[in-house]
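J.: Show me the folded form of this:
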Amino acid sequence: MSIKQTIKNIVPAPVFSVIRDVPWAIRDFVDRGAQDQVMPPLRLMRDGPRGREVWTQNGREALHFYRDVLQLDRDAVMLDIGSGMGRKTIPLLSYLDDTARYIGLDIDRDQVRWCSRNITPRNFRFTFIHVDLFNKFYNHSGAIPPSKFVLPFPDNSFDVVSLWSVFTHMYPDDVAHYLAEIGRVLRPGGRLASSYYLINDDTLAGMKNGTIDLTLYPGDRYWTNNPNIPEDLTALDEAWLRGAYASAGLTIETILRGGWTGAKVDPELVNMNRQDIVVGRGAPPAGGGGGGGAPPPPP
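T.: The predicted structure is shown next:
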């Protein structure tokens, strides 16, 4: 276990947040002359690995996934839950056309503020909204329990919904609730792309025999690497998840097994596909027609 993980497993989340961010704030100050105006400061890159090179690489991988794997339409209406610092959003500025719409939701107020100030002015059809959801690790003072959160959009609003490294920090009942909400706001035949750590017989065997380098502890229908703050990383039972998708009216089309399992991944998705990527689809269109309708207004 790394020193960083040991600290996370011991200290309270607010204390760890300070320990985590201060060194990067110092580096931002030292390197301020090299700061790219469309790249956030390192201290705010809490939504993934920090660094300017890895930030750029994440963007390239995201564009490859959306364009070549998901085959995202350029006029898509898209909801990104857990949009973070926009590392997977900025490449879409040059990909989506002027009839598309992108809405990002996140629990980190600082990150939403940065995206609203630095991404939205480049395309006002890209909107970012802060939601004050509780998460013991990422937003310990949040007012809204995840199990009570209702996506503030009408039914059949979106062609695509994405969640990157969101369900990897949530409990099973909350995941099931989110999936039901996503099933509601997806247009008929719409796509859902999300990432997980999926536990099945193969991954359990890999952790037991040491071929998977991740230590997980069992919880109530989930596994975690941090019993002190389980939301640090949660892994879900694959069979249970398939049932949750079905209950939400969603169909799993494909699962791209993550590099964490030792699976061979697309070399253009090395970072993005470290976790398992699940691509699902909403209920089929009635009579074969499309969802239609105008893009939803921001709440």
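J.: number of nearby residues for Pro285?
T.: Pro285 is flanked by 14 other residues according to other CB atoms under 10 Å. Heads up, the C-betas are built off the backbone N, CA and C, glycines and all.
J.: Show the pLDDT at the spatially closest residue to it that is not a sequence neighbour.
T.: Leaving aside its sequence neighbours, Pro285 sits nearest to Pro188 (CB to CB, 6 or more residues apart in numbering; 3.8 Å). Per-residue pLDDT puts Pro188 at 96.
J.: Sheet partners, orientation included, of the host helix or strand of Pro188?
T.: Using DSSP states H and E, the element containing Pro188 is strand 186-196. Sheet pairing of strand 186-196 (DSSP bridges) gives strand 158-163 (parallel), strand 276-281 (antiparallel).
J.: Show residues contacting the last one.
T.: If you take CB atoms under 8 Å, 6 or more residues apart in numbering as the criterion, strand 276-281 is touched by 65, 69-70, 189-198, 241, 245, 250-258, 260-261, 269.
J.: Quick one: mean pLDDT over that strand.
T.: When pLDDT is averaged over strand 276-281, the result is 98.
J.: Helix or strand next in line after the strand or helix carrying Leu204, which one?
T.: Per DSSP H and E: Leu204 is located in helix 201-209. Next in sequence after helix 201-209, counting helices and strands by DSSP H and E, comes strand 217-218.
J.: by contact count, what packs against the very next helix or strand once past that next one?
T.: Next in sequence after strand 217-218, counting helices and strands by DSSP H and E, comes strand 222-224. Applying 3 or more CB pairs under 8 Å, 6 or more residues apart in numbering; DSSP states H and E, we find strand 222-224 packed against strand 234-237.
J.: Show me the strands paired with the strand it packs on, marking each as parallel or antiparallel.
T.: strand 198-199 (parallel), strand 222-224 (antiparallel).
J.: Format those as a markdown table; extra columns: mean neighbour count and mean pLDDT.
T.: Formatted as a markdown table, the strands paired with strand 234-237 follow (neighbours: other CB atoms under 10 Å; pLDDT from 0 to 100):
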| stretch | mean neighbour count | mean pLDDT |
| --- | --- | --- |
| strand 198-199 | 22 | 98 |
| strand 222-224 | 22 | 97 |
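J.: Arrange those strands in CSV, one row each, with distance to Ile81 as further columns.
T.: Converted to CSV, those look like this (distance: least, CB to CB, whole Å):
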stretch, distance to Ile81
strand 198-199, 19
strand 222-224, 19
